[in-house]
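>>> how would this look folded up:
(2 chains)
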Amino acid sequence: MDTLAPLFRGGWFGVETSFIVAFAIGFSFGTALEKAGFGNGRKLTAQFYLHDMAVYKVMFTAVATSLFLTALTTDLGLLDFSKVFVPPTYLWPQIVGGLLLGIGFVSGGYCPGTSVVSVASGKIDGMVYVLGFFAGLLVFPHFFEGLEPFYNSGALGVVSLFDHIPVAPTVIGSVILAVAIASFFGVTRLERMARARWSWARYGNLPEAPLD
Amino acid sequence: MSQETQSLENPTPHPFWVFLTGRHEGEAGDHARLKPKPFWNPYVAGVLLGVTLFAAFFVMGRGLGASGSLNRLTAFFYSLFSVEFAGSLAYYRGYFAGEGSLLAHYAIFQTLGVFLGGYVSASLGRRARLEVAQGPRSDTRSRLLWAFFGGFVMAWGARIARGCTSGQVLTGSANLALGSLIMFVCFFLGAYLMAYMVRKQWIH
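Predicted coordinates for the structure are as follows:
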């Protein structure tokens, strides 16, 4: 048994137990999304009309928090970062895929994860979104062979900036945390300006969106 | 007795139950009248999400995801009709190579957790109700058409990029994966470029 985390890779528990762990992690994930208001497409898309930057704030807070903790535990010798899954880089598909995700997000109102939460909280548009998502997934494999060269283009392998910046991970984590906090002041200013410029009232009965 | 204390004594039924039975009286009516609780402060929710993501890395060695499990469900759906056909699709080649059910997978259990976590949280916050999320000047039919369109486009985006906003933008960025960081930028870029075209369903 390996004493280092990730615990599963170190053989601390088996595959069956990992399903329970997966469920628990998912439960916490779903709770965080719902509490943030991300079961509601209006809350999510208000980001793109500058009235409520919660999507940016929640995502960047989550990324910076996780990044900092990962860096800290790596430096303390508790976590073996080389055993953590890092998505490999495929430049072109990720650029096009990212753009498509953005286009679909503001059109549909959800992303795959938040759509699951929206269905769980009774959003009818969320249910239709999921139907559209499944329709896309059903069709995609039939076009995959034609798309495969593009799908594999721009392959750079696993590239994590952790390995390419020659300072301790905790320093990188702290800098990103500081950048995140500084940027929150900026986007909150933007929110205030947008709400003053275009009345918040035109949002109708959007569930309360605290400004902070 | 106030509605507040009543609702604590009688657990409020889920809107699906109301929807299925058509019963709007009693506790269900109270549920509909009670105001939803406000959302959490975004930084508090963000820290919870970040700690969850870190826990996934620390315990499992992999982050969060959503579209992978839905893709597995789709492959499973095809395999219900014909395992040979599903296995012959190049895109599913990894799925039918191993032993065991397609559904006995980490990602499926995680998504089940997301659903239940979202449900419990929405119910406790009195936000679980059947409704269409749309702006004051949107008409429901076009909203639902856009919802279907958005889902369809995002399915393609997620498959082309090998992951969605959870699996790539969130998880990959938290590990400083180069491609995921580029996707983070492209995701916001795509959404801001499209926002003006679909503004009628959200704002004016």
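>>> Please count neighbours and contacts with C-alpha atoms only from this point.
Will do.
>>> OK, contacts around residue 47?
Since you didn't name a chain, this refers to chain A. A:53-56 (Cα atoms under 8 Å, 6 or more residues apart in numbering or on different chains).
>>> My question was about chain B, not that one.
Residues in contact with B:Val47 (Cα under 8 Å, 6+ apart) are A:58, A:61-62, A:65.
>>> so what pLDDT did it get?
Predicted confidence (pLDDT) for B:Val47: 97.
>>> The contacts of B:Val47 also near chain B: which ones?
Among the contacts of B:Val47, the residues lying close to chain B (Cα under 8 Å from any Cα of the partner chain) are A:58, A:61-62, A:65.
>>> residues contacting the closest residue to A:Lys83 other than its chain neighbours?
Of all residues beyond its chain neighbours, the one nearest A:Lys83 is B:Gly61 (6.4 Å), with distances taken as Cα to Cα, 6 or more residues apart in numbering or on different chains. Residues in contact with B:Gly61 (Cα under 8 Å, 6+ apart) are A:5-9, A:83-85.
>>> do the same with A:Asn152
A:Asn152 sits next to A:90, A:93 when contact means Cα under 8 Å, 6+ apart.
>>> that older thread, format the contacts of B:Val47 as a markdown table; extra columns: neighbour count, secondary structure and pLDDT.
Listed next are the contacts of B:Val47 as a markdown table, based on neighbours: other Cα atoms under 10 Å in any protein chain shown; DSSP: H, G, I helix; E, B strand; the rest coil; pLDDT from 0 to 100:
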| residue | neighbour count | secondary structure | pLDDT |
| --- | --- | --- | --- |
| A:Val58 | 25 | helix | 97 |
| A:Thr61 | 25 | helix | 97 |
| A:Ala62 | 28 | helix | 97 |
| A:Thr65 | 27 | helix | 97 |
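>>> how about CSV for the residues you listed, with distance to B:Ser173 added?
Shown next, in CSV, are these (distance: Cα to Cα, whole Å):
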residue, distance to B:Ser173
A:Val58, 14
A:Thr61, 12
A:Ala62, 10
A:Thr65, 12
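>>> Can you tell me which of those is closest to B:Ser101?
Lowest distance from B:Ser101 to the contacts of B:Val47 (Cα to Cα) belongs to A:Ala62, with 32.9 Å.
>>> Do a quick rundown of the helices in chain A.
Remark: helices assigned in chain A by DSSP state H are A:15-36, A:41-45, A:54-75, A:91-108, A:112-120, A:124-151, A:169-197.
>>> Minimum distance to B:Leu48: which of these has it?
B:Leu48 lies closest to helix A:15-36 among the helices of chain A, at 6.0 Å (Cα to Cα).
>>> got the angle between the closest one and helix A:112-120?
Angle, helix A:15-36 to helix A:112-120, by axes from the mean of the first three to the mean of the last three Cα atoms, to 10 degrees: 70 degrees.
>>> Please identify the buried residues of helix A:15-36?
A:18-19, A:21-36 (16 or more other Cα atoms under 10 Å in any protein chain shown).
>>> Find the centremost residue of chain A, please.
Ranked by distance to the mean C-alpha position of chain A (Cα atoms, centre = their mean), the top residue is A:Met59 at 5.9 Å.
>>> Scan the contacts of A:Gln47 and report the most crowded one.
A:Ala54 (29 neighbours; other Cα atoms under 10 Å in any protein chain shown).
>>> Any stretches of the chain with poor pLDDT?
Using chain A. A:1-3, A:199-212 (pLDDT under 70).
>>> To clarify, I was referring to chain B.
B:1-34, B:204.
>>> and stretch A:28-48, how far apart are its ends?
End-to-end distance for stretch A:28-48: 26 Å, by Cα to Cα, to the nearest Å.
>>> Using just helix, strand and coil, how would you label B:Phe57?
Three-state assignment for B:Phe57 (DSSP: H, G, I helix; E, B strand; the rest coil): helix.
>>> Grab the nearest non-local neighbour of it.
Of all residues not flanking B:Phe57 in the chain, B:Gly63 sits nearest, at 5.5 Å (Cα to Cα, 6+ apart).
>>> roughly how far apart are that neighbour and B:Thr165?
In terms of Cα to Cα, B:Gly63 sits 12 Å off from B:Thr165.
>>> the more surrounded of those two?
Between B:Gly63 and B:Thr165, counting by other Cα under 10 Å, B:Thr165 is the more crowded of the two (29 against 26).
>>> can you pull the contacts of the more buried one?
B:Thr165 is in contact with A:101, A:111-113, B:158, counting by Cα under 8 Å, 6+ apart.
>>> any chance of these in a markdown table, plus neighbour count and distance to A:Met127?
Listed next are the contacts of B:Thr165 as a markdown table, based on neighbours: other Cα atoms under 10 Å in any protein chain shown; distance: Cα to Cα, whole Å:
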| residue | neighbour count | distance to A:Met127 |
| --- | --- | --- |
| A:Leu101 | 36 | 18 |
| A:Cys111 | 31 | 12 |
| A:Pro112 | 28 | 11 |
| A:Gly113 | 26 | 13 |
| B:Ala158 | 30 | 18 |
